[in-house]
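Engineer: quick one, what's the 3D model for this:
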Amino acid sequence: MDSSKHLSRTYRLGILASLFLCVTLALGVFLGSGTRARFVEIAESWSSYAENAEKKGVWISALRGHLGYGGIIHNFKNYVLRGDDAYRQGAERQLAQFDRVMTLYLAEDLPVRERQSLETIQATIAEYRAMLPIAEEGVRLEESARVIDRQVRIDDTAAIAALDRLETIWRDNRRQSTGRIISAVAEGEALVSLGFFVLFFFVLAALGLGFLLLLLLRDMMDTNNRLLEEFKVRHRLEVSEQRLTEAVEQSPATILITDTDAKILYANRHFEEITGWDRASIVGHTPKFLQSGDASRETYDEIRKRLRQGREWHGIFRNLRKDGSSYWADTTILPLMGQDGEVTSFLSIAEDITEKRKAREQVVRAQKVEAVALLAGGIAHDFNNVLSTIVGSVHLAALDAEPGSDLAGEIEQIDIAAGRAQALVRQLLAFARHEPGNPSATDLSSIVDEVTHLLEAAVPPTITFSLKTGEPQMWVLADPTHLHQILMNLCSNAAEALGSTAGHIRIEADYLQEEPANLPTRESGWVRLMVADNGPGMTFETQQRLFDAFYTTKPLGKGSGLGLAVVEGLVKDMGGSISVDSAPGEGARFILILPRARPGASRAAPQESPTPRGTERLLLVDDDTEFAATFRRYLTRLGYQVEAFTAPLVALERLRAEPSRPNLVICDIIMPEMDGEAFARHVRQLRPDCPIIFCTGFNPGTASFAEPPMAMIDKPVDPPQLARRIREMLDMTSAG
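Structural biologist: The predicted structure is shown next:
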């Protein structure tokens, strides 16, 4: 009986144990399948979020950029308002990018509402695309912004609302995916807690099984917590990465990231806008396509050395755009370090300083020109007095020298040297005065013939000249003297560049068939003049400073550095332009664009006439003793009665004592005690009918009297010219 009872109890315990084991196994299966289902839900929700929400978020962000500030609508409206072609180009570039994003988005399997929103945006952008040619036509016809706006106005509120719906749908989907993940995680935690509570009571009967289950549950909870924490961290990283991406993309500087082999990994939007290269075509390539050739190999070696050492480099490059044009970039290159301290990549940040550099160069150049003007004004008066004395004395000596004698030859050499000094002073005064020439219809071919004829006798016989013109006579609107000076300077520089080596100077002139882009439209058109040589050429740095005052590459004493600066000033005074095209070893070409003129009368060759003489009484006033003495002797030899004074106050006292004595007054303008204009006013009070001739080396003001006659002669004074002017004014006064 006891045995049967024990057997029965054992049977019952066995049944209970079996039931307990079955319940345990069932509960384990239930908890395991429920937990697995929650993790599957988490994985599916996460996959949906990563594959759809992120991708669509990028597309929607791109669409927002195309419709917002700096996008299609912004550029279109700015183009209508300002007529700036840069906004039209920006709109066209944004349209192309918009089409790519829209194509990728519409290719997805989308809900009806989401697809309808995309189609609404696409339809509105299509309206802007259709209105862009109308806006271009209005800008071309120079219609007002209000008129163009009425023609192309588009209601884009539907598109903006559709974009807001897209963002709302995207946020709802993302919120739903996130909610699914959080809900699944929460349910998983609840199931785990339930299983832990139930198994706590079973652990007394199955310590071994409970212990294993506890280990399993602990691992599951750790995994679940790690997954939840990873999700939170990843969410924070996504937000931070999105902010960083927006900041980099919208940065006003160009940003370039390369690997340690200098292959491009990333370029921001501003880099595309500045250089014209799109990111897809440059990723994987080195930035050599930006190099202009100005920086030396040593510079790049230094950059690589500093970056490998973990140090940054800063400098300025002249980079090339895709279209071949260049820009100046203030560049900083930084090494990017990994967690182990090793360099993993390089970051280049550059600012376009082209306009700043041009503005700074213009200021420096203006300061140089101002310095030249101050220098010229300071030395012109005294220097021209000295030259006038030399020219006058040479002329007096030539009158006494036997023609053909050695003395006559020496005097001629002095006269030539004085002429060269006069030319240098005229170049200085060209900066100081900024006086425009007297433009007239001038035959360019005849000027070229004169210049080449003069230079052929002065340059080595190894240098040859050639002239090619579109027509026998090329007419330009220019001052003949200025045109002669321009050609003489350019050809002389070309000859000096060739030196004693065999070379060729080529001069070409033709009428332009098209209007130059950098000059205004002229009814009569433009003439292109080119002076080229096959000499050693110039570097880019030399070309940048070529037209600066006092800049020269010639040896000391061989050049003043004013020739090309004067040429540029004279060409601009004519309303034209000048440019240079050169490279080391390839010679130089100077290209001038000059205003064309209608054919005019040919210039008559000047005829020599004898120096006029007279017996009238002249009053000569000049603070330079040598000038006064020299020209007193010269005018006395012509028969005039000359009284010369170096002090204007003494001369004025002499005039007051006998006002009727002089028939003509000659005076300097800049004198101590009393300037020439003040002296002339006193002369007018004493002798209203007395003609006055001003002789000046530098006239900072204007001296003018209506009656009686007044004339102005620049120093250095040519003696025969002074004699002719005196005779003209005396005859004019006596005839009146």
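Engineer: what number of residues lie near Val233?
Structural biologist: By the criterion of other C-beta atoms under 10 Å, Val233 has 10 neighbours. C-beta coordinates here come from the backbone N, C-alpha and C atoms, glycine included.
Engineer: and it, helix, strand or coil?
Structural biologist: In three-state terms, and counting by DSSP: H, G, I helix; E, B strand; the rest coil, Val233 is helix.
Engineer: repeat for the one 3 residues further on
Structural biologist: Following three-state DSSP, we place Arg236 in the helix state.
Engineer: do I have it right that Leu664 meets Pro691?
Structural biologist: Yes: checked against C-beta atoms under 8 Å, the pair Leu664 and Pro691 is within contact range at 5.1 Å.
Engineer: find residues that contact each of those two.
Structural biologist: The overlap between the contact sets of Leu664 and Pro691 (C-beta atoms under 8 Å, 6 or more residues apart in numbering) consists of 729-730, 733.
Engineer: what about the stretch 51-200 of the chain, any weak spots by pLDDT?
Structural biologist: Along the stretch 51-200 of the chain, the parts satisfying pLDDT under 70 run over 51-54, 68-70, 181, 184-185, 188-189, 191-192, 194-200.
Engineer: and the stretch 501-650 of the chain, by the same measure?
Structural biologist: Applying pLDDT under 70 to the stretch 501-650 of the chain flags residues 548-563, 600-609.
Engineer: apply 80 and report the result again.
Structural biologist: 517-518, 541-566, 569, 600-609 (pLDDT under 80).
Engineer: what segments of the stretch 501-650 of the chain are strands?
Structural biologist: In order along the chain, the stretch 501-650 of the chain carries the following strands (DSSP state E, counting those that start in this stretch): 503-511, 526-533, 577-582, 588-595, 617-621, 641-645.
Engineer: can you list these in CSV and add distance to Arg357 and mean neighbour count?
Structural biologist: Conversion of these to CSV gives the following (distance: least, C-beta to C-beta, whole Å; neighbours: other C-beta atoms under 10 Å):
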stretch, distance to Arg357, mean neighbour count
strand 503-511, 33, 19
strand 526-533, 28, 22
strand 577-582, 19, 16
strand 588-595, 24, 21
strand 617-621, 52, 23
strand 641-645, 56, 18
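Engineer: follow-up on the earlier one: just the ones in helices from the shared contacts of Leu664 and Pro691, please.
Structural biologist: In helices, judged by DSSP state H, the following of the shared contacts of Leu664 and Pro691 are found: 729-730, 733.
Engineer: out of these, flag the one nearest to Cys695.
Structural biologist: Looking at those and their distance to Cys695, the nearest is Met729, at 13.1 Å (C-beta to C-beta).
Engineer: who touches the nearest residue to that closest one once chain neighbours are set aside in this structure?
Structural biologist: Nearest residue to Met729 in three dimensions, chain neighbours excluded: Pro691, at 4.3 Å (C-beta to C-beta, 6 or more residues apart in numbering). With contacts defined as C-beta under 8 Å, 6+ apart, the neighbours of Pro691 are 664-665, 708-711, 729-730, 732-733.
Engineer: by contact count, what packs against the lengthiest strand in the chain?
Structural biologist: Longest strand of the chain, by residue count under DSSP state E: strand 326-337. Applying 3 or more C-beta pairs under 8 Å, 6 or more residues apart in numbering; DSSP states H and E, one finds that strand 326-337 makes contact with helix 297-308, strand 313-320, strand 343-352, helix 354-400.
Engineer: and the last one, average pLDDT?
Structural biologist: Along helix 354-400, the predicted confidence averages to a pLDDT of 66.
Engineer: same check on the shortest one?
Structural biologist: Across strand 313-320, the average pLDDT comes to 86.
Engineer: for it, packing partners?
Structural biologist: Strand 313-320 makes packing contacts with helix 297-308, strand 326-337 when contacts are defined by 3+ C-beta pairs under 8 Å, 6+ apart.
Engineer: break this protein into its domains for me.
Structural biologist: In the domain annotation for the chain, the residue ranges read 25-46+57-229, 252-352, 440-595, 617-735 (automatic domain parsing).
Engineer: what about these, which gets the closest to Glu246?
Structural biologist: domain 25-46+57-229 (8.2 Å).
Engineer: give me the distance from that closest one to the chain's centre.
Structural biologist: 42 Å (C-alpha atoms, centre = their mean, to the nearest Å).
Engineer: ok, stretch 523-538 next?
Structural biologist: Distance, stretch centre to chain centre, for stretch 523-538: 23 Å (C-alpha atoms, centre = their mean).
Engineer: show the end-to-end separation of that stretch, please.
Structural biologist: Terminal residues of stretch 523-538 are spaced 36 Å apart (C-alpha to C-alpha, to the nearest Å).
Engineer: cool, and stretch 519-526?
Structural biologist: Criterion C-alpha to C-alpha; first-to-last residue distance in stretch 519-526 is 10 Å.
Engineer: buried residues, that stretch. List them.
Structural biologist: Neighbour-count burial for stretch 519-526, with 16 or more other C-beta atoms under 10 Å as criterion, is recorded at Trp526.
Engineer: thanks again, I'm all set now.
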